[in-house]
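In: My questions concern the predicted model and sequence given below.
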Amino acid sequence: MLLAVSAALLAVLPGAAFGRSSHSTVNSQTYTDSTGEDPNAPDITSIVASNDDAGLITFKINISNRPAITPDMTVLMFLDTDQKATTGDPTTFGADYAIELDPGAVGLFQWNGTDYLAAASQSSLTFAYDATGATIRVNASDLNKSKGLNFAVLAISGIATDASGNPDFTNAHSDSAPDAGHGVYNYKVITKLSVGAVALKTTPRPAKADKNFSAGLAATESDTGGPVTAGTVGCTATVGLRHVATVAKSVRNGIAVCMWHLAKTDKGKTIRGTVTLTVQGVAVKRSFAAKVT
């Protein structure tokens, strides 16, 4: 119910307009909000969003007049993680997730088409509150691996509890960032891609003269947390002082494969080489050596 009422307060935010950051650096943006709209409400002055190379997003919500979060307060964030207003919660701006920070607790909720339910994955979600306001951290992996999101924040005070135990907003005061009519904030998640080699295998074993010989490098990428799906393959091989021409190379099922053809005269010698896989400028390389029989 708290999320539903709060979402209604944000319904006036047009999804087509976007609030702009006043300052940006690598992985960090600062968003300013007007001050003093309601002297009885928590006053959001700015929000600083940043993320590390592993995709952990930090939202520092600066609230000038609330040095502590009191029992009558809540801080809510609504996040459109696919940046599509036509999906997610239609009463906001297409929010796919909501974060609710209450005194001593924080929760991540996902829109299921009709309501916000506790997200199945929210292990990365943490919070803190100090004299400057709230800090909320959540990894993009818990936000459907979002690479960019639109968001808005709502800080409310004066929330009471009725006889049925439900939130009572009769005397509540709130501040939204950005202000009503000023759209939503946009943030791009920037992470550093890493490519990891899992294993390198050669086929056949041992190598056979006058036959094809291949080396496969299995690799994963941090961008998806799974096998590499595309990349550039580099292949080198020599037998003694002779360079062996590559006859085929590809990336299949997370494996970078190089293939060569060995000559009859290579019998008894050793083929040595490397397989290099490059994904978005990040390269991983492994070497091999195999006796030719």
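Out: Here it is on my side, so go on.

In: Walk me through the domains of this structure.
Out: The chain breaks down by automatic domain parsing into domains covering 2-188, 195-291.

In: Just say which of those is most tucked in.
Out: domain 2-188 (a mean of 18; mean count of other C-beta atoms under 10 Å). Every residue, glycine included, has its C-beta placed from N, CA and C.

In: what ranges of the stretch 151-293 of the chain fall below the confidence cut-off?
Out: For the stretch 151-293 of the chain, the stretches flagged by pLDDT under 70 are 223.

In: partner residues bridging Thr202?
Out: Ala215 (DSSP bridges).

In: what's near enough to touch it?
Out: Contact analysis of Thr202 by C-beta atoms under 8 Å, 6 or more residues apart in numbering lists Phe213, Ser214, Ala215, Gly216, Phe288, Ala290.

In: Make JSON lines out of these and add distance to Asn139.
Out: Formatted as JSON lines, the contacts of Thr202 follow (distance: C-beta to C-beta, whole Å):
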{"residue": "Phe213", "distance to Asn139": "42"}
{"residue": "Ser214", "distance to Asn139": "38"}
{"residue": "Ala215", "distance to Asn139": "35"}
{"residue": "Gly216", "distance to Asn139": "31"}
{"residue": "Phe288", "distance to Asn139": "36"}
{"residue": "Ala290", "distance to Asn139": "42"}
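
In: and the two most separated of those?
Out: Largest separation among these by C-beta to C-beta: Gly216 and Ala290, giving 12.8 Å.

In: Is Thr236 part of a helix or strand, or is it coil?
Out: What DSSP: H, G, I helix; E, B strand; the rest coil gives for Thr236 is strand.

In: Correct me if wrong: it contacts Arg286.
Out: No: the pair Thr236 and Arg286 does not pass the contact test of C-beta atoms under 8 Å, sitting 11.7 Å apart.

In: and of the contacts of Thr202, the nearest to Phe78?
Out: Distance ranking of these against Phe78, using C-beta to C-beta, places Gly216 first at 45.6 Å.

In: picking that back up, closest one to Trp260 out of the contacts of Thr202, please.
Out: Using C-beta to C-beta, these come closest to Trp260 at Phe213, 5.3 Å.

In: which residues touch the nearest residue to that closest one once chain neighbours are set aside?
Out: Spatially, and ignoring its direct neighbours in sequence, Phe213 is nearest to Ala207 (4.7 Å; C-beta to C-beta, 6 or more residues apart in numbering). Contacts for Ala207 (C-beta under 8 Å, 6+ apart) come out as Phe213, Leu262, Asp266, Ile271, Ala290, Lys291, Val292, Thr293.

In: ok, 7 Å please
Out: Phe213, Leu262, Ile271, Ala290, Lys291, Val292, Thr293 (C-beta atoms under 7 Å, 6 or more residues apart in numbering).

In: Next one: it from Thr220, what distance?
Out: 27 Å (C-beta to C-beta, to the nearest Å).

In: ok, now Leu143?
Out: Taking C-beta to C-beta, one finds Leu143 at 21 Å from Thr220.

In: How about Pro178?
Out: Distance from Pro178 to Thr220, counting by C-beta to C-beta: 39 Å.

In: How about the contacts made by Gly268?
Out: Contacts of Gly268 by C-beta under 7 Å, 6+ apart are Val292.

In: Quick check: phi and psi on the closest residue to Pro227 other than its chain neighbours?
Out: Spatially, and ignoring its direct neighbours in sequence, Pro227 is nearest to Gly254 (2.4 Å; C-beta to C-beta, 6+ apart). Main-chain dihedrals, Gly254, degrees, to the nearest 10: phi 80, psi 10.
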